[in-house]
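Asker: Got a predicted structure plus its sequence, pasted below:
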Amino acid sequence: MLNTIFILTVSLFLVIKGATLATRYAGILAESFRLSKYTVGFIIIAVISILPESFIAIQSAISGVPEFGLGMLFGSNIADLTIIFAILVFVAGRSLQVEGKILKGHGAYPFILMLPLILGLDGHLSRLEGLALIIAGGAFYYLALRDGSDSTIAVPTTHNSRIKNGILLILSMGLLFVGSNFVVSSATSLAEMVGISPVLIGMLVVGLGTTMPELFFSLNAVKRNDDSLAVGDLLGTVLADATIVVGLIAFIAPFSFPKEIVFVTGTFMIMASFLLFYFMESGKRLTKKEAKLLIFFWIMFMIVGFFVGQ
């Protein structure tokens, strides 16, 4: 068992390190184009941030344990919407500023997160339902990108610089791929040894680990007072996980899943999104008091998730 835990730990480190580097180089590339900071965070950086979840989820589908990937995705999303936002507030030592256009343009955001639960009411996600999730997520991103141009933040870069950052981005993604392969095999082996559902390991352990790339990126953004970049990254990552990545799992390998675990987790995810947006709408900021409540919500999820998964 110790060997399995060691392999899982090293694999998660590779995934986190690869994603962190990929996020950094993607950010440098993205800022050289004429996109608003929120759009860079919500679309460009978020796409890179979901790579750990995507690689692990796809590998889990190929390995015949797609429910592991689904539990990991929902667990990761709840952490992003609660404890990760709270950490940003406390590290910054101030309230997190929220642009009005974020709240105006994403009133339907929590409802979109309901799609995988609605489509999976029968405890099964088919290939057609997976395709529907991919299209829904893609359409949302297209609308955000279409309205996201902003000529004020273009960063001058040379052609060689873009090539260099592009190569480093690809190498970082390679590190991600290697790590994700071993995460799935070691996590499922550990679940069998302990005698618990692989979904629980994915939801409470691996899911939390895969939030590190967006946490590191958002922390750097907040320290530079780029709150919109941080908020966009986290919200974009959650939306992509719940639609495009879940859709990819179902499209690759249609699967059934334990309803009690997934629906409890999914319900917590939707409640977390409503709670977060309610806080952000109050004064267009996220305060320390509200951050404490988000941490409490995440702890409640961990407790409930553990007992439901037994």
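Answerer: That came in fine, so what should we check first? All figures in this text were calculated on a predicted structure; none of them were measured in a lab. Residues are numbered from 1 along each chain as shown.

Asker: Mind jotting down where the strands sit in the stretch 51-200 of the chain?
Answerer: 96-97, 124-125 (DSSP state E, counting those that start in this stretch).

Asker: Mind checking the ones you listed for the one nearest to residue 281?
Answerer: For residue 281, the closest of the strands of the stretch 51-200 of the chain is strand 96-97, at 13.0 Å, according to C-beta to C-beta. For glycine as for every other residue, the C-beta is placed from the backbone atoms N, C-alpha and C.

Asker: Can you give me the pLDDT of the closest residue to residue 86 other than its chain neighbours?
Answerer: Distances taken as C-beta to C-beta, 6 or more residues apart in numbering place residue 291 nearest to residue 86, at 3.8 Å, with adjacent residues excluded. pLDDT, residue 291: 94.

Asker: Could you say which helix or strand holds residue 291?
Answerer: Assigned by DSSP states H and E, residue 291 belongs to helix 288-308.

Asker: So what touches that helix?
Answerer: 75, 78-79, 81-83, 85-86, 89-90, 95, 200, 203-204, 260-261, 264-265, 268, 271-272, 275-276, 279, 282 (C-beta atoms under 8 Å, 6 or more residues apart in numbering).

Asker: Going by neighbour count, which residues of it are buried?
Answerer: Within helix 288-308, the residues scored as buried using 16 or more other C-beta atoms under 10 Å are 290-291, 294-295, 297-298, 301-302, 305, 308.

Asker: Give me the PyMOL select line for the contacts of helix 288-308, limited to the buried ones.
Answerer: Buried residues among the contacts of helix 288-308 (16+ other C-beta under 10 Å), as a PyMOL selection:
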select buried, resi 75+78+79+81+82+83+85+86+89+95+200+203+204+261+264+265+268+271+272+275+276+279
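
Asker: got the buried residues for stretch 161-168?
Answerer: 165, 168.

Asker: what is the mean pLDDT for it?
Answerer: 74.

Asker: Convert it to CSV, retaining C-alpha atoms only.
Answerer: Extracted in CSV, the C-alpha atoms of stretch 161-168 (Å, rounded to 0.1, in the frame of the first residue of the first chain):
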residue,chain,number,x,y,z
SER,A,161,9.2,34.4,-28.1
ARG,A,162,5.8,33.0,-29.1
ILE,A,163,7.5,29.9,-30.6
LYS,A,164,9.6,29.4,-27.5
ASN,A,165,6.6,29.7,-25.1
GLY,A,166,4.6,27.4,-27.4
ILE,A,167,7.3,24.7,-27.2
LEU,A,168,7.5,25.0,-23.4
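
Asker: wait, what's in contact with residue 17?
Answerer: Contacts of residue 17 by C-beta under 8 Å, 6+ apart are 175, 179.

Asker: What separation is there between residue 174 and residue 22?
Answerer: To residue 22, residue 174 is 10 Å away according to C-beta to C-beta, to the nearest Å.

Asker: the more surrounded of those two?
Answerer: residue 22 (26 against 12; other C-beta atoms under 10 Å).

Asker: What residue, apart from its backbone neighbours, is nearest residue 64 spatially?
Answerer: Nearest one to residue 64, counting by C-beta to C-beta, 6+ apart, is residue 253 at 7.5 Å.

Asker: Of the contacts of helix 288-308, which belong to helices?
Answerer: Applying DSSP state H to those, the entries found in helices are 75, 78-79, 85-86, 89-90, 200, 260-261, 264-265, 268, 271-272, 275-276, 279.

Asker: Can you verify my assumption that residue 140 contacts residue 240?
Answerer: No. Residue 140 is beyond contact range of residue 240, at 9.2 Å (criterion: C-beta atoms under 8 Å).

Asker: okay, those two: which has more neighbours?
Answerer: residue 240 (26 against 21).

Asker: same for the strand or helix carrying the more buried one, what does it pack against?
Answerer: Element membership for residue 240 (DSSP H and E) is helix 227-240. Applying 3 or more C-beta pairs under 8 Å, 6 or more residues apart in numbering; DSSP states H and E, one finds that helix 227-240 contacts helix 37-39, helix 46-49, strand 96-97, helix 100-105, helix 109-112, helix 127-146, helix 212-223.

Asker: Now the first one: average pLDDT?
Answerer: I take that to be helix 37-39. Helix 37-39 comes out at a mean pLDDT of 58.

Asker: ditto for the second one
Answerer: Mean pLDDT, computed over helix 46-49, is 67.

Asker: Give the buried residues for stretch 212-232.
Answerer: Of the residues in stretch 212-232, those buried (16+ other C-beta under 10 Å) are 212-219, 221-222, 226-232.

Asker: Only alpha carbons, please: show it as PDB.
Answerer: C-alpha atoms of stretch 212-232 as PDB (Å, rounded to 0.1, in the frame of the first residue of the first chain):
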ATOM      1  CA  MET A 212      -3.500  23.500  -7.600                       C
ATOM      2  CA  PRO A 213      -2.700  24.900 -11.100                       C
ATOM      3  CA  GLU A 214      -5.600  27.400 -11.100                       C
ATOM      4  CA  LEU A 215      -4.800  28.200  -7.400                       C
ATOM      5  CA  PHE A 216      -1.200  29.100  -8.200                       C
ATOM      6  CA  PHE A 217      -2.200  31.100 -11.300                       C
ATOM      7  CA  SER A 218      -5.000  32.900  -9.500                       C
ATOM      8  CA  LEU A 219      -2.800  33.700  -6.500                       C
ATOM      9  CA  ASN A 220      -0.200  35.400  -8.800                       C
ATOM     10  CA  ALA A 221      -3.000  37.300 -10.500                       C
ATOM     11  CA  VAL A 222      -4.500  38.500  -7.200                       C
ATOM     12  CA  LYS A 223      -1.000  39.600  -6.000                       C
ATOM     13  CA  ARG A 224      -0.800  41.800  -9.100                       C
ATOM     14  CA  ASN A 225      -4.300  43.100  -8.400                       C
ATOM     15  CA  ASP A 226      -5.600  41.300 -11.500                       C
ATOM     16  CA  ASP A 227      -8.700  40.100  -9.700                       C
ATOM     17  CA  SER A 228     -10.700  39.600 -13.000                       C
ATOM     18  CA  LEU A 229      -8.000  37.300 -14.300                       C
ATOM     19  CA  ALA A 230      -8.200  35.100 -11.100                       C
ATOM     20  CA  VAL A 231     -12.100  35.100 -11.100                       C
ATOM     21  CA  GLY A 232     -12.200  34.300 -14.800                       C
END
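
Asker: Thanks a lot, catch you later.
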